[in-house]
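Chemist: just need the structure, nothing else, for what follows:
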Amino acid sequence: MRAFPLWKQSASEITALFAAGALSPVELLAEVKTRIERINPSLNAIVALDDEGATAAARQSEARWQRGAALGPLDGIPITVKENLLVKGLPATWGSRFFADHQPAADELPVARLRAQGAVLLGKTNAPELTLEGYTANLLFGTTRNPWDLDLTPGGSSGGAAASVAAGLTPLALGTDGGGSIRRPAAHTGLVGVKPSIGWVARGGGFPNILLDFEVVGPLARRVGDAVDMLDAMAGPNRRDRKSLFPPATRHCAAGLDRPPDSRRILFVPKFGNNPVDPAIDASVRRAAGVLEAMGHRVEEGELPFDVRALNEAWPVIAEVGVAYLMHLHPEAGETFAERFVAMGDRGSLVPAYRYLEILEMIDRFRQDVAEAFRHVDVIMTPSIAALSWRAEAAYPETINGRKVGPRGHAVFTGWVNACGHPAVSLPAEPAPGGLPIGFQLVGDFAADSDLLRLAAAYERAAPWHDKWPLLPGG
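Modeler: Numbers count the residues shown, from 1 in each chain. Predicted coordinates for the structure are as follows:
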């Protein structure tokens with residue numbers, strides 16, 4: 001008899017049941033679909049299901065387990081995929097009415113790799129239009145809610161993915177992170193969220209890249225080990241993505257995950273300049289820093305050893321030019337995009353070429369500065385979020401700790417990691433006094449993903465969180 005219901009089992013626990021013959025992928029899928037039917041209407045996390053395809057995949061997985069030929073640790077595991085990623089046979093709308101009828105004929109590369117490892121691709125999760133906002137709502141599918149408080153947002157843009165895992169609808173979800181879009185929702189929902197180094201997971205066959213090479217794909221999970229298994233299933237070089245062609249031997253993170261890392265030099269940066277942080281977040285992340293120090297790591301508090309001001313000024317321009325490019329590809333899109341995105345595209349079309357080249361040169365210098373900083377530290381630690389979850393229908397919190405902030409005030413800690421391309425992981429810290437989740441991020445040197453995730457796994461063993469669950473209507 002199982003100690004916990006299936007929806008509380010990790011992916012690794014489920015595959016152990018498969019291996020023992022105590023559970024089949026078909027039985028698991030049936031239970032998962034029943035829970036989705038009961039819970040998802042209150043969350044609006046999953047916006048499309050592939051019943052036929054998932055059932056066929058589960059049956060094929062069941063046959064492999066029965067003959068002792070499982071493809072790996074994801075074989076038979078139901079996974080949801082964020083709406084801006086292409087899955088054969090499922091809609092890929094990018095959260096936009098313009099793409100409402102778009103149904104791709106093929107998986108994009110990371111999705112294809114998951115399918116090849118036996119993952120059961122169950123459905124698509126909600127995202128804001130064009131994945132350019134830090135909450136999850138759009139004119140096509142509506143608003144997604146946080147399982148820990150249905151009045152609040154799970155963040156964005158991988159908000160549907162985070163909500164699906166946090167509510168126990170699926171043990172794993174695939175998201176994208178172009179400015180913190182995996183790490184911040186993970187922090188708002190009590191999950192592990194991984195943003196790999198640029199090129200760690202090869203990309204190809206998806207929507208146009210409107211955020212340069214900042215956006216990567218990565219997993220959301222309740223446990224580091226599950227996230228690593230999913231990352232390993234997607235990782236590796238492919239000639240469709242030249243940035244993925246560094247040595248593939250470095251990209252197997254599961255090996256040695258249970259081996260504690262050597263003492264790391266950790267720079268703890270609790271604030272970025274004068275930007276406000278919720279006091280509950282500050283206190284929680286400081287306690288997490290204390291845990292790392294007690295584990296034997298050298299934690300030193302300080303400021304970022306490089307300047308992010310030019311990057312912050314350029315960030316909206318990059319997004320605006322990206323939308324302008326998309327509207328150039330699809331001139332009729334302006335008739336269906338939300339008005340704010342049409343305005344973004346209009347502003348982007350007016351950006352002079354020399355300004356955009358200045359930004360590209362600035363990003364190159366910034367990457368050099370960050371690489372140099374990691375000569376002197378192994379890991380940079382910050383909060384993942386500056387604000388606790390806010391009202392689900394609002395694009396951003398208007399105040400943090402009593403001070404007015406703009407649209408990126410809650411998101412100040414994450415975007416620089418996308419710009420430099422380094423790996424990062426968001427881990428759960430102690431929740432706020434009212435119970436809302438809080439997360440902190442660890443950022444490693446470029447292509448040091450394996451070392452970073454070993455540190456994350458060691459922290460998880462010292463301060464476990466995965467047994468904490470929200471109370472939801474319907475169970």
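
Chemist: quick one: furthest residue from the center of the protein?
Modeler: Going by C-alpha atoms, centre = their mean, the residue of the chain most distant from its centre is Arg67, 34.4 Å out.

Chemist: per-residue pLDDT, that one?
Modeler: At Arg67, the pLDDT value in this model is 98.

Chemist: can you map out the helices along the stretch 301-450 of the chain?
Modeler: 309-329, 339-349, 353-373, 415-420, 449-462 (DSSP state H, counting those that start in this stretch).

Chemist: okay, the ones you listed in TSV with mean neighbour count, mean pLDDT and distance to Val26 next?
Modeler: In this view, the C-beta of every residue, glycine as well, is placed from N, C-alpha and C. As requested, these are arranged in TSV below (neighbours: other C-beta atoms under 10 Å; pLDDT from 0 to 100; distance: least, C-beta to C-beta, whole Å):
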stretch	mean neighbour count	mean pLDDT	distance to Val26
helix 309-329	18	98	41
helix 339-349	17	98	42
helix 353-373	14	98	47
helix 415-420	24	98	39
helix 449-462	22	97	31
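
Chemist: of all those helices, which one comes closest to Leu388?
Modeler: Ranking the helices of the stretch 301-450 of the chain by proximity to Leu388 (C-beta to C-beta) places helix 415-420 first, at 19.3 Å.

Chemist: list the helices and strands that closest one packs on?
Modeler: The contact analysis (3 or more C-beta pairs under 8 Å, 6 or more residues apart in numbering; DSSP states H and E) places helix 415-420 against helix 309-329, helix 353-373.

Chemist: could you export the helices of the stretch 301-450 of the chain as a markdown table, including distance to Ala92?
Modeler: Output for the helices of the stretch 301-450 of the chain, formatted as a markdown table (distance: least, C-beta to C-beta, whole Å):
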| stretch | distance to Ala92 |
| --- | --- |
| helix 309-329 | 14 |
| helix 339-349 | 18 |
| helix 353-373 | 28 |
| helix 415-420 | 22 |
| helix 449-462 | 27 |
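
Chemist: to Thr136, which of these lies closest?
Modeler: Closest among the helices of the stretch 301-450 of the chain, using C-beta to C-beta: helix 339-349, at 15.4 Å.

Chemist: so what touches that closest one?
Modeler: 129-130, 132, 317, 319-328, 334, 337 (C-beta atoms under 8 Å, 6 or more residues apart in numbering).

Chemist: using PDB, write out every CA atom in that helix.
Modeler: Taking C-alpha atoms only, helix 339-349 is exported to PDB below (Å, rounded to 0.1, in the frame of the first residue of the first chain):
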ATOM      1  CA  GLU A 339      -3.500  46.600 -27.400                       C
ATOM      2  CA  ARG A 340      -0.400  46.800 -25.200                       C
ATOM      3  CA  PHE A 341       1.500  44.500 -27.400                       C
ATOM      4  CA  VAL A 342       0.500  46.400 -30.600                       C
ATOM      5  CA  ALA A 343       1.900  49.500 -28.800                       C
ATOM      6  CA  MET A 344       5.100  47.700 -28.000                       C
ATOM      7  CA  GLY A 345       5.500  46.600 -31.600                       C
ATOM      8  CA  ASP A 346       4.900  50.200 -32.800                       C
ATOM      9  CA  ARG A 347       7.600  51.500 -30.400                       C
ATOM     10  CA  GLY A 348       9.900  48.700 -31.500                       C
ATOM     11  CA  SER A 349       9.500  49.600 -35.200                       C
END
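
Chemist: hmm, back to that, got the helices and strands packed on helix 415-420 as CSV, with distance to Leu292 columns?
Modeler: Formatted as CSV, the helices and strands packed on helix 415-420 follow (distance: least, C-beta to C-beta, whole Å):
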stretch, distance to Leu292
helix 309-329, 27
helix 353-373, 19
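
Chemist: quick one, strands of the stretch 51-200 of the chain?
Modeler: 78-82, 120-125, 137-138, 142-143, 172-177, 192-195 (DSSP state E, counting those that start in this stretch).

Chemist: for the second one, name the packing helices and strands.
Modeler: Using 3+ C-beta pairs under 8 Å, 6+ apart as the contact criterion, the elements in contact with strand 120-125 are helix 25-43, strand 46-49, helix 51-66, strand 78-82, helix 109-116, helix 159-166.

Chemist: would a markdown table of those with distance to His188 be doable?
Modeler: Below are the helices and strands packed on strand 120-125 laid out as a markdown table (distance: least, C-beta to C-beta, whole Å):
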| stretch | distance to His188 |
| --- | --- |
| helix 25-43 | 13 |
| strand 46-49 | 18 |
| helix 51-66 | 27 |
| strand 78-82 | 16 |
| helix 109-116 | 23 |
| helix 159-166 | 7 |
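
Chemist: Gly409: which of the ones you listed is closest?
Modeler: Here helix 159-166 is closest among the helices and strands packed on strand 120-125 (C-beta to C-beta), at 17.7 Å.

Chemist: could you tell me the per-residue confidence at Arg2?
Modeler: On the pLDDT scale, Arg2 gets 57.

Chemist: got it, and Phe214?
Modeler: pLDDT, Phe214: 98.

Chemist: what stretches of this protein score poorly on pLDDT?
Modeler: 1-3, 248-250 (pLDDT under 70).

Chemist: hey, which of the helices and strands packed on strand 120-125 is tucked in deepest?
Modeler: Mean neighbours per residue, mean count of other C-beta atoms under 10 Å, is largest over the helices and strands packed on strand 120-125 for helix 159-166, with a mean of 34.

Chemist: dump the residue contacts of the closest residue in space to Ser96 that isn't next to it in sequence.
Modeler: Closest residue in space to Ser96, ignoring its immediate chain neighbours: Glu129 at 4.8 Å, by C-beta to C-beta, 6 or more residues apart in numbering. The contact partners of Glu129, taken as C-beta under 8 Å, 6+ apart, are Trp94, Gly95, Ser96, Asn138, Leu139, Leu140, Phe337, Ala338, Phe341.

Chemist: same thing with Ile14?
Modeler: Contacts of Ile14 (C-beta under 8 Å, 6+ apart): Leu6, Leu23, Leu28, Gly76, Ile77, Pro171.

Chemist: go again using 10 Å as the cut-off
Modeler: Taking C-beta atoms under 10 Å, 6 or more residues apart in numbering as the contact definition, Ile14 lies against Leu6, Leu23, Pro25, Leu28, Pro73, Gly76, Ile77, Pro78, Pro171, Asp226.

Chemist: what's the helix or strand for it?
Modeler: helix 11-20 (DSSP states H and E).

Chemist: buried stuff in that helix?
Modeler: Ala11, Ser12, Glu13, Ile14, Thr15, Leu17, Phe18 (16 or more other C-beta atoms under 10 Å).

Chemist: repeat for stretch 236-255
Modeler: For stretch 236-255, by 16+ other C-beta under 10 Å, it's Pro237, Asn238, Asp241, Ser244, Arg251, Cys253, Ala254.

Chemist: excluding its backbone neighbours, what's nearest the second one?
Modeler: So the one you mean is Asn238. Ala202 (3.7 Å).

Chemist: end to end, how far does stretch 59-79 reach?
Modeler: 15 Å (C-alpha to C-alpha, to the nearest Å).

Chemist: repeat for stretch 252-271
Modeler: End-to-end for stretch 252-271, by C-alpha to C-alpha: 33 Å.

Chemist: now stretch 98-107
Modeler: 20 Å.

Chemist: pull out the buried positions in it.
Modeler: Buried-residue list, stretch 98-107, by 16+ other C-beta under 10 Å: Phe98, Phe99, Pro104, Asp107.
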